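Novice: Task: produce atomic coordinates for the following.
(one chain, ligands or ions: 1)
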Amino acid sequence: MLVVVPVFGETRLGNPVIMIGSYRFNRVRSKGPKIRWTCTKTPQGCRATLLTIDDVIIKTINEHNH
Ligand SMILES: [Zn+2]
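Specialist: Next comes the predicted model:
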């Protein structure tokens, strides 16, 4: 099984992203330390989501429709 390490990065516009393999997640504006990240294809119906606290991923729903 291939182990894919999440990579924290930034887009060219300076927005934070997390990359897992070929998938990218955008940060969702949220209050408090818990931050939700959604797949860049969320507008196309993808439901993959990450949750982080202090840059540590605590939950991964890595099911993509693409
Ligand atoms: Zn996706």
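Novice: which residues touch the nearest residue to Glu10 once chain neighbours are set aside?
Specialist: Nearest non-adjacent residue to Glu10, counting by Cβ to Cβ, 6 or more residues apart in numbering: Pro16, 6.0 Å away. (Glycine included, C-beta is placed from N, CA and C.) Counting by Cβ atoms under 8 Å, 6 or more residues apart in numbering, Pro16 touches Phe8, Gly9, Glu10, Asn26, Arg27.
Novice: Closest one of the residues you listed to the ion?
Specialist: Asn26 (10.8 Å; Cβ to the ion).
Novice: helices or strands up against the helix or strand hosting the closest one?
Specialist: Element membership of Asn26, judged by DSSP states H and E, is strand 23-28. On a contact count with 3 or more Cβ pairs under 8 Å, 6 or more residues apart in numbering; DSSP states H and E, strand 23-28 meets strand 16-20, strand 34-39.
Novice: The contacts of Pro16 into CSV, with extra columns for distance to the ion, neighbour count and pLDDT?
Specialist: Formatted as CSV, the contacts of Pro16 follow (distance: Cβ to the ion, whole Å; neighbours: other Cβ atoms under 10 Å; pLDDT from 0 to 100):
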residue, distance to the ion, neighbour count, pLDDT
Phe8, 18, 11, 94
Gly9, 17, 11, 96
Glu10, 19, 9, 95
Asn26, 11, 15, 96
Arg27, 15, 15, 95
